[in-house]
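Chemist: need a structure here:
(one chain, ligands or ions: 1)
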Amino acid sequence: MVADPFNPFAACHFRLKYATDPWETAGAAALRRQVFCDEQQIFEGDDRDAVDETAIHLVALSTMAVLADEVVGTVRIHQSEPGIWYGSRLAVDARYRRVGALGAALIKLAVSSANALGCIRFYANVQAQNELMFRRLNWQRVEEVTLHGMPHVFMQADLAAYPALDNAPEGFHALAGKKAAA
Ligand SMILES: CC(C)(COP(=O)(O)OP(=O)(O)OC[C@H]1O[C@@H](n2cnc3c(N)ncnc32)[C@H](O)[C@@H]1OP(=O)(O)O)[C@@H](O)C(=O)NCCC(=O)NCCS
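Modeler: Presented below is the predicted three-dimensional model:
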């Protein structure tokens, strides 16, 4: 018998929120290791640093029916001084890239959450290959920098494009192929 080729199953409904349950935090850490250690080889073994102690960790969860299923995206935000916020460690599971606008949805949750917490300026060090994506999402280049031996662009978000989110910890839902709706 010859089996027909088929595409592996990929969830099409996602929930984006603060990581609250231990499995969400652990899933985000595992995804970061997979992306930043194994795939990109920026860090060896573990990418955690001091920022993780104070950061707010955000996750994108794939859902089966109504149940949250798996962490398929993550990003963290932290405040370095009053009103000045940073986003970092943005990662989407390779199976879900460019299918659900998950990266854009995580950026939206990150900046809109900080905005709700009194953000005045929001920055990120963006890997150079992702600059265009951020520019399309209303970020502006501040300057080029080298981090971990790799070219990055220090960028600032246009906060007007990311209105403060009511009930940010609860986040919002997103569908594959559709922009996230608050
Ligand atoms: C970068 C990353 C988070 C993007 O996630 P994603 O879920 O694939 O992004 P989205 O699907 O939300 O993309 C939003 C839009 O930007 C486009 N896009 C995605 N990556 C892009 C890139 N590197 N350059 C230009 N455009 C890009 C998408 O096609 C989409 O366009 P559309 O609105 O016209 O459909 C993901 O590729 C990833 O995890 N990469 C490895 C880790 C990494 O680079 N992290 C970021 C460090 S700064």
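
Chemist: where are the low-confidence patches of this structure?
Modeler: Per-residue confidence for the chain (pLDDT under 70) gives these ranges: 1-11, 65, 177-182.

Chemist: quick one, what contacts whatever residue of the chain ends up closest to the ligand?
Modeler: Nearest to the ligand, among the residues of the chain, is Gly103, at 2.4 Å (Cβ to the nearest ligand atom). For the C-beta atoms, the positions are set from N, CA and C on the backbone; glycine is no exception. The contact partners of Gly103, by Cβ atoms under 8 Å, 6 or more residues apart in numbering, come to 73, 90, 92, 97, 133.

Chemist: From the residues you listed, keep the buried residues only.
Modeler: Neighbour counting with 16 or more other Cβ atoms under 10 Å marks 73, 90, 92 as buried within the contacts of Gly103.

Chemist: I'd say the last one and Leu106 touch.
Modeler: So that's Val92. Yes: assessed by Cβ atoms under 8 Å, Val92 is found in contact with Leu106 at 7.3 Å.

Chemist: re the thing from before, columns secondary structure on top of the contacts of Gly103, output as CSV?
Modeler: Shown next, in CSV, are the contacts of Gly103 (DSSP: H, G, I helix; E, B strand; the rest coil):
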residue, secondary structure
Gly73, strand
Leu90, strand
Val92, strand
Arg97, coil
Met133, helix
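
Chemist: Let me see the contact set for Leu61.
Modeler: So Leu61 contacts 14-17, 24, 68-72 (Cβ under 8 Å, 6+ apart).

Chemist: Just these: which are in helices?
Modeler: Members of these lying in helices (criterion: DSSP state H): Glu24.

Chemist: Most neighbours among the contacts of Leu61, which one?
Modeler: Ranked by neighbour count (other Cβ atoms under 10 Å), the contacts of Leu61 have Phe14 at the top, with 27 neighbours.
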